[in-house]
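Q: predicted model follows, preceded by the sequence.
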Amino acid sequence: MENTTYDAARHRELNGYFRDRIQHQLTTDPHLQNQVAQGNSLQLKEIVESLTLNDQVLWKEFLHLDQLKMHQDLQNHLEGKGTPLHDGSGFYRQPDQENGEEKPLW
C-alpha cells in the first residue's frame, strides 16, 4: 500500500464489495449471529476478523483509500474547492432531489 494516489473507481468498487461481504457475514456467520441474538453489540473489527485472509488484505486497501479520500476532501474543503462540508451530512451525502431524503451509507 505504498501508493498514495487516490483511485476513486477502486474505492467505490471495494466499498460496494464490503457492503455486500459484511451483510453476508452478518447473515451467515454463526458466531456473529449468536452475538446479535444475545443482544451484544458488534465491533467492525470483529466482523472484519471473520472475513477470509484475502478479504482482510482487501479491507486494509479499502481503509487506505478511504483515508486518502478523507484527506483529499479535507484539503479541498480548506482550499475552498470541491463539494462543501455540510454539518451533519459530511462531504458526499447529498439529499435525493426527488424526495429530499438522504441515501443511506449502507
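A: Sure, I can see it.
Q: quick check: longest helix of this protein.
A: helix 53-78 (DSSP state H).
Q: what is it packed up against?
A: Helices and strands touching helix 53-78, by 3 or more Cβ pairs under 8 Å, 6 or more residues apart in numbering; DSSP states H and E, are helix 8-28, helix 44-49. For every residue, glycine as well, the C-beta is placed using N, CA and C.
Q: quick one: contacts of the longest one?
A: It refers to helix 8-28. 32-33, 36, 42, 47, 50-51, 55, 58-59, 61-62, 65-66, 69, 106 (Cβ atoms under 8 Å, 6 or more residues apart in numbering).
Q: relative to the whole chain's centre, how far out is that helix?
A: Centre-to-centre, helix 8-28 and its host chain are 8 Å apart (Cα atoms, centre = their mean, to the nearest Å).
Q: quick check: buried residues in that helix?
A: Residues H11, L14, N15, F18, R21, I22, Q25 are the ones in helix 8-28 that count as buried (16 or more other Cβ atoms under 10 Å).
Q: next, the buried residues of the next helix or strand along the chain from it.
A: Proceeding N to C from helix 8-28, the next assigned helix or strand is helix 30-37, under DSSP states H and E. By neighbour count on 16+ other Cβ under 10 Å, the buried set for helix 30-37 is L32, Q35.
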